[in-house]
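# okay, predicted coordinates and the sequence, questions at the end:
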Amino acid sequence: DPSECVSRTHQVFPNSNNISVDIRMPGVVPTGSDTYLCTAFRVPTSRDAYIVDFIPHASMDTVHHMILFGCQTPASKSSYWDCGSVQGTCQGESAIMYAWARNAPPTKLPKDVGFKVGGKSGMSYFVLQIHYGDVSAFKDHHRDCSGLTLRMTSKPQPFIAGIYLLMSEDTVIPPGKRVTNADIACDYSSYPIYPFAFRTHTHHLGKVVSGYRIRDGKWTLIGRQSPQLPQAFYPVNKEVNVKYGDTIAARCVFTGEGQTSKTYIGGTSGDEMCNFYIMYYMDSRHAIPFMNCMDTGVKELFQHIPDEANVPINV
Ligand code: IYT
Ligand code: CU
Ligand code: CU
């Protein structure tokens, strides 16, 4: 139905604090397999608003994954654009808020938790990125309107959702070498965060990615996953909080087997990335919506990483 094929804001109940926002591809026909398309939508309020739920609408046969970013300025002014290579998603900083991947359960925010957008949050636009995998389903030239519905409220939420991103900047994977680790660690020196979901991301050479909290020398798993499985946000293993004085650490295990040249960190599918994302909530009184860690940590620290972090997950 082409009438569903537009992004729009619904003021569902007059005089209520609630709105829902549809962010849809504007009836696109991806031209080749593995096309990344992006569309931008202005946050429909200049006041602070809170996203409390995400409802995915994706054609299962063609959409490989969807990611929602928040940013100040989208990379393009077009109704949609190719955001796979040259043109990215946002100009300047961007923050990931939601990821949907085929064959993975969708992420739910806990009660009383919302992502803060609009107002002074620095999030004026949503950018939706869709990775179209197999496009043979488009032989009939139908148009795709996959996307998300965001349920939003202007009512301040007790807890603010945020993302802590651990990423490696300088890993080099030698060709033929069976195992290369990318280690990342930072001391945590802010108000407590309560992780509830995690996401791993590498390209083809990643075998397993694990994230931990280290408190008094004891390593507690936040999440461990194969980056070759759908790269959605998965629920954390058990309740782990992170507070002032803890260390947050992650390891990506790569293999250089079958490669003929060195692999570096970079943006193409021939490059690699090592990312561990923690989705957390935090008391709104001192909330920090985005944090990241790019340090390699001290070598001695990783001598104590649990063995499971080195065990590849075969898929
Ligand atoms: C070099 C690298 O690892 N890039 C990652 C992490 C990253 C995410 C965001 C870096 C920046 C960001 O603003 I959001 I600077 C990366 O590009 N990861 C991809 C997506 O961009 C989210 C991924 O799928 O995790
Ligand atoms: Cu994908
Ligand atoms: Cu990547």
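Right, received. Where do you want to start? Ligands and ions are numbered 1, 2, ... in the order given.
# tell me what the helix or strand harbouring Glu93 is packed against?
Using DSSP states H and E, Glu93 maps to strand 90-101. Strand 90-101 sits against strand 48-57, strand 63-74, strand 125-132, strand 159-167, with contacts defined as 3 or more Cβ pairs under 8 Å, 6 or more residues apart in numbering; DSSP states H and E. Just so you know, the C-beta spots here come from the backbone N, C-alpha and C atoms, and that holds for glycine as well.
# got TSV for these, with mean neighbour count and distance to Pro106 too?
Below are these laid out as TSV (neighbours: other Cβ atoms under 10 Å; distance: least, Cβ to Cβ, whole Å):
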stretch	mean neighbour count	distance to Pro106
strand 48-57	20	6
strand 63-74	22	10
strand 125-132	23	15
strand 159-167	22	15
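# as a markdown table, the ones you listed with distance to ligand 1 and mean pLDDT would be great.
Output for these, formatted as a markdown table (distance: least, Cβ to the nearest ligand atom, whole Å; pLDDT from 0 to 100):
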| stretch | distance to ligand 1 | mean pLDDT |
| --- | --- | --- |
| strand 48-57 | 16 | 95 |
| strand 63-74 | 6 | 95 |
| strand 125-132 | 8 | 96 |
| strand 159-167 | 4 | 97 |
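# need those in JSON lines with distance to Thr260, can you?
JSON lines is the format used below for the helices and strands packed on strand 90-101 (distance: least, Cβ to Cβ, whole Å):
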{"stretch": "strand 48-57", "distance to Thr260": "39"}
{"stretch": "strand 63-74", "distance to Thr260": "27"}
{"stretch": "strand 125-132", "distance to Thr260": "27"}
{"stretch": "strand 159-167", "distance to Thr260": "26"}
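# and Ala249, which of those is closest to it?
Across the helices and strands packed on strand 90-101, Ala249 has its closest neighbour in strand 159-167 (7.7 Å, Cβ to Cβ).
# enumerate the strands of the stretch 101-250 of the chain by residue range, in sequence order.
113-118, 125-132, 147-153, 159-167, 172-173, 180-187, 194-201, 206-215, 218-225, 234-235, 247-254 (DSSP state E, counting those that start in this stretch).
# indicate which one of these is closest to ligand 2.
Proximity to ligand 2 (Cβ to the ion) singles out strand 125-132 among the strands of the stretch 101-250 of the chain, at 3.3 Å.
# tell me which of the strands of the stretch 101-250 of the chain sits most buried.
Compared across the strands of the stretch 101-250 of the chain, strand 247-254 shows the largest average neighbour count, a mean of 26 (mean count of other Cβ atoms under 10 Å).
# does that one reach ligand 1?
No - figure legend: strand 247-254 not in contact with ligand 1 (Cβ under 6 Å from any ligand atom); closest approach 10.1 Å.
# state the pLDDT value of the residue positioned nearest the centre of the chain.
In the chain, the residue lying closest to the centroid (Cα atoms, centre = their mean) is Ile96, at 4.6 Å. pLDDT, Ile96: 95.
# how near is it to Asn275?
9 Å (Cβ to Cβ, to the nearest Å).
# who touches both of those two?
Leu165, Arg199 (Cβ atoms under 8 Å, 6 or more residues apart in numbering).
# in this structure, where is pLDDT below threshold?
1-4, 11-15 (pLDDT under 70).
# around ligand 2, pick out the residues from it.
His64, His65, His131 (Cβ under 5 Å from the ion).
# list the contacts for the residue nearest to the centre of the chain?
For Ile96, counting by Cβ under 8 Å, 6+ apart, the contacting residues are Ile67, Leu68, Phe69, Ile163, Leu165, Arg199, Tyr277.
# of those residues, which is the nearest to Asp187?
Leu165 (15.9 Å).
# what about the nearest residue to that closest one once chain neighbours are set aside, how many residues nearby?
Ranked by Cβ to Cβ, 6 or more residues apart in numbering and with sequence neighbours excluded, the top spatial neighbour of Leu165 is Asn292, at 4.3 Å. Using other Cβ atoms under 10 Å, Asn292 has 14 neighbouring residues.
# isn't Asn292 right next to Ser168, touching?
No - using Cβ atoms under 8 Å, Asn292 is not in contact with Ser168, being 11.5 Å away.
# shared neighbours of those two, anything?
If you check Asn292 and Ser168 against Cβ under 8 Å, 6+ apart, no residue is contacted by both.
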